[in-house]
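K.L.:
This is the structure alone, sequence omitted:
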């Protein structure tokens, strides 16, 4: 049986063929739609076994959660590839294919070994994507790679602990080494404190790279968290803190893509809370939110990408071009913003309602309202710049058709899910017993949004303001400096004098004699 | 079947005839070198396929008095490494040395003769002699460029390795004095009566002597100095075979002569693992500081050999398999890296990190090979280095060396820091005009061959593991080895 991840990886290989320009489009189209169709017809319960060395691996396993995630990954893959196929160079397209393919394989993996390998492959391919994509991203790519490898090594250590404790590599909730797995996940989903790579990368990388990265990187972290570490109640508060941090930071940004990055941290907070509840409703709410979040966040990144493509920069002021010259993009952006703010009849409302319904602790419920409020507030800022404030921007070049196609596909899906939320439930056979459009849920959904409008109007001058860039303290850079300094001190001892070498040798001999004889 | 003997004799003869051809028939030089290398490859493959079950060949039918040669899976692994590295080395060197020199190939063949002798012999004194043959010809090769730095580095290399040889010889003489024999099968039997203290003193001398040749910190200092300005294809053999042959000799001596029980009792296993951990942590810190690619790779070699030591010293079956697998993988990965650097230094004389800026766009496939090999050596999937590191960590955890297993992962991270720096430099745009001599196919082909092995052994690790999994049988329990040797 053909797995969707495998299809993408084959696609990456096929792109090595000496190509005519047109074949590139054909291959991309065939692979992406093929993967979508294959994922759509997967039957939950199917699994595949493989003997490798002494282990029995399950490289492919389908259940309803992985099917849901795989499906949205495939849809977003189709959209993202068609968005970027025109702009990016062939090596980068290959890397994008490897990246998407390994993300899909992680989602359908049935054991820890496969999971780790493709998790790492995601890191490698995305890092090289960042490094190769432009001249200004070398250092960012270096930072990103190191950070993510540190995370995945932590995952590896967790896997080793689990393996030596239980003797099996099957993909169940972890019994040993949970802290290490949590660190790995925290890096991947940009938890506060481990998030430093994200605003840096997403704001510096070329826009199509940011689109592709923002779809998969954090979401794979969420998915793996649902698999390996669900139901740890205390983490719900951690998620809340992370989300609130995201809001505060997002409101201070002057660059649109940085705002979007911090907003990812906030949205991931919802998912963490949902997963940490541990009940069926909580987890499915988190997974539905993952789907919705991929839809609207990708559209937002794509819209900003269009703005960058047409005007050259992603300052807030440049957004003004949307209202005047880019009608389609404007509609997509509006739909996405309504979705992310959780307004009823838009897609974000559905999953937020499920998560809120699954929560029972008053503090967390309050926190959730606060998060919705903050999210709406920061996107009102975006709306203000894009549609209200006057601007005198001019188009440098027109957006390509394939870009708009990718964006349009996702927008239509958002509208569908928003109007008919049961669509998602039916698709994956996950049924949450909620009546979305009754009075109670509607009011609690719209309330934060209305509040945020009021606050925005009242405190307009604080929200819409160019803040100074915050100089933040990055502990990882400090640790790196420590490592470099240690190496420098050590390398000074090695000055090429032979008598020193002989002295070391004698010392070693004496030490060895002492150790072994007594 | 006497093919095993020819593994030693053929390179010796070739070296001899090369010397003659230098004097009389210069024209047959090329055919002699390549022809002999190809025949040698054929013989090696025959011997490797017959390495299990182990066989003993006694030269001249003198029985235990004469010289015995034994092929078991562990020596089979080393012969496999020679088979993989030697022909690419010859092809590469032919082109790399811009004017042919007979001495270079004479010493190369002598060195390989020494190494194959080391891994086949069953006699402690022969082991020493072959080791000296390989070390001295290796020194001669590293001197080949005759630059100031090269001479200085070789001088340090010579002094340090002589110091090591001295202690090995001392221990060998002591062994003969105490047991009256130098045959590896008879020594362990005679060893039983010798008091613990004396045995551990002898072991210390052996370990110290070989540790210098292996380059464990703080005995490593000669290694980067010697690599800095030596012919780069030689570095491939040096880090792939010369260092490893010292590991081989150490493991052979410790596991066969002293036996695993004594190693455990005297605390050698714990010391070995701890020494390995210290070594790779420091080596990674130092490698980050290097600006010369040869030195960087030298430090990385030190670190990788420390991983091998950990694998071999945890003292379990899994550990021996993992360590041996990493020996093979390191030879391949480091070989690839050195060959790519060799091509850079051939084409535009670039051996400093800053010189290779932007070459990723000039040599796309070569740079890709470099990236693959360096990711493999860092230990990222799906390349071969990851597989062997996975096995080492698993073995260390199983044997209870939790700290070693943890620090191996830390070491993986540290090694990424400097390899990634090189990679990023490769792919940073450079506006300068570069004077490039296009590398020919005979330079690229060996590089691609080794680079593709990195991927193949990563995807299908069972390929080499078929041979490697048989290694512990004849190392962990020295009784089997002794029985076969005495019986044959």
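P.N.:
It's in. Values in this document were obtained by computation on a predicted structure and should not be read as measured data.
K.L.:
Pull the number of nearby residues for the residue nearest to residue B:222 when sequence neighbours are not counted.
P.N.:
Spatial nearest neighbour of residue B:222, excluding adjacent residues (CB to CB, 6 or more residues apart in numbering or on different chains): residue B:160 at 4.1 Å. In short, each C-beta sits where N, CA and C put it, glycine included. Neighbour count for residue B:160, taken as other CB atoms under 10 Å in any protein chain shown: 24.
K.L.:
Where does residue B:160 sit, in terms of helix or strand?
P.N.:
helix B:148-179 (DSSP states H and E).
K.L.:
Report the buried residues of that helix.
P.N.:
By 16 or more other CB atoms under 10 Å in any protein chain shown, the buried positions in helix B:148-179 come out as B:150, B:152-158, B:160-161, B:163-165, B:167-169, B:171-172, B:175, B:178-179.
K.L.:
ok so, going back, how near is the residue nearest to residue B:222 to residue A:498?
P.N.:
Look at residue B:160 and residue A:498: by CB to CB, to the nearest Å, they are 8 Å apart.
K.L.:
for residue B:147, same thing?
P.N.:
Distance, residue B:147 to residue A:498, by CB to CB: 18 Å.
K.L.:
Quick one, grab the pLDDT at residue 278.
P.N.:
I went with chain A, as the question did not name one. pLDDT, residue A:278: 80.
K.L.:
Chain B was what I was after
P.N.:
93.
K.L.:
from what I can see, it looks like it's in a helix, true?
P.N.:
Yes - according to DSSP: H, G, I helix; E, B strand; the rest coil, residue B:278 belongs to a helix.
K.L.:
Please tell me I have it right and the residue nearest to residue B:222 contacts residue B:219.
P.N.:
Yes - counting by CB atoms under 8 Å, residue B:160 does reach residue B:219; the two are 7.4 Å apart.
K.L.:
Please enumerate the shared neighbours of these two.
P.N.:
A:505, B:212 (CB atoms under 8 Å, 6 or more residues apart in numbering or on different chains).
K.L.:
which sections of the stretch 1-150 of chain A are below the confidence cut-off?
P.N.:
Along the stretch 1-150 of chain A, the model assigns pLDDT under 70 to residues A:1, A:19.
K.L.:
go with 90
P.N.:
The stretch 1-150 of chain A contains residues with pLDDT under 90 at A:1-7, A:9-31, A:38-69, A:71-72, A:80-93, A:109-111, A:132-140.
K.L.:
And for the stretch 1-150 of chain B?
P.N.:
B:1-7, B:17-34, B:47-73, B:93-104, B:121-123, B:143-150.
K.L.:
show me where it has strands.
P.N.:
B:55-58, B:68-71 (DSSP state E, counting those that start in this stretch).
K.L.:
Chain A: which of those is closest?
P.N.:
strand B:68-71 (25.8 Å; CB to the nearest CB).
K.L.:
next helix or strand past the helix holding residue B:160?
P.N.:
Next along from helix B:148-179, by DSSP H and E: helix B:186-191.
K.L.:
quick one: that following helix near chain A?
P.N.:
No - judged by CB under 8 Å from any CB of the partner chain, helix B:186-191 stays clear of chain A, getting no closer than 15.8 Å.
K.L.:
Next secondary structure element downstream of that helix?
P.N.:
Following helix B:186-191 in sequence, per DSSP H and E, is helix B:196-214.
K.L.:
Are there helices or strands packed against that following helix, and which ones?
P.N.:
Identification of packing neighbours for helix B:196-214 by 3 or more CB pairs under 8 Å, 6 or more residues apart in numbering or on different chains; DSSP states H and E yields helix A:498-517, helix B:148-179, helix B:243-252, helix B:259-266, helix B:268-289.
K.L.:
contacting residues around that helix?
P.N.:
A:505, A:508-509, A:512-513, A:516-517, B:131, B:135, B:160-161, B:163-168, B:170-171, B:174-175, B:178, B:191, B:219, B:242-243, B:246-247, B:249-250, B:253-254, B:258, B:262, B:265-266, B:268, B:275, B:305, B:309.
K.L.:
Would you agree residue A:57 falls within a strand?
P.N.:
Yes - assessed by three-state DSSP, residue A:57 belongs to a strand.
K.L.:
That one against residue A:48, yeah?
P.N.:
No - using CB under 8 Å, residue A:57 makes no contact with residue A:48, being 9.1 Å away.
K.L.:
if you count what's nearby, which of the two comes out ahead?
P.N.:
Between residue A:57 and residue A:48, counted using other CB under 10 Å, the more crowded position is residue A:57 (20 against 14).
K.L.:
List the beta-bridge partners for that one.
P.N.:
Under DSSP bridges, the beta-bridge partners of residue A:57 are residue A:50.
K.L.:
Please identify the residue of the stretch 301-450 of chain A positioned nearest to chain B.
P.N.:
Closest to chain B within the stretch 301-450 of chain A is residue A:312: 20.1 Å, counting by CB to the nearest CB.
K.L.:
give me every residue that touches that residue.
P.N.:
Counting by CB under 8 Å, 6+ apart, residue A:312 touches A:318, A:396.
K.L.:
Same question for the one 4 residues further on.
P.N.:
Counting by CB under 8 Å, 6+ apart, residue A:316 makes contact with A:254-256, A:381-382, A:385.
K.L.:
looking at those, which has the most residues close by?
P.N.:
Using other CB under 10 Å as the neighbour criterion, residue A:256 leads those with 26 neighbours.
K.L.:
measure that one to chain B for me?
P.N.:
Separation of residue A:256 from chain B (CB to the nearest CB, to the nearest Å): 27 Å.
K.L.:
which non-adjacent residue is nearest the residue in the stretch 1-150 of chain B positioned nearest to chain A?
P.N.:
Closest residue of the stretch 1-150 of chain B to chain A, CB to the nearest CB: residue B:149 (9.8 Å). The shortest distance from residue B:149 to any residue other than its chain neighbours is 4.1 Å, reached at residue B:229 (CB to CB, 6+ apart).
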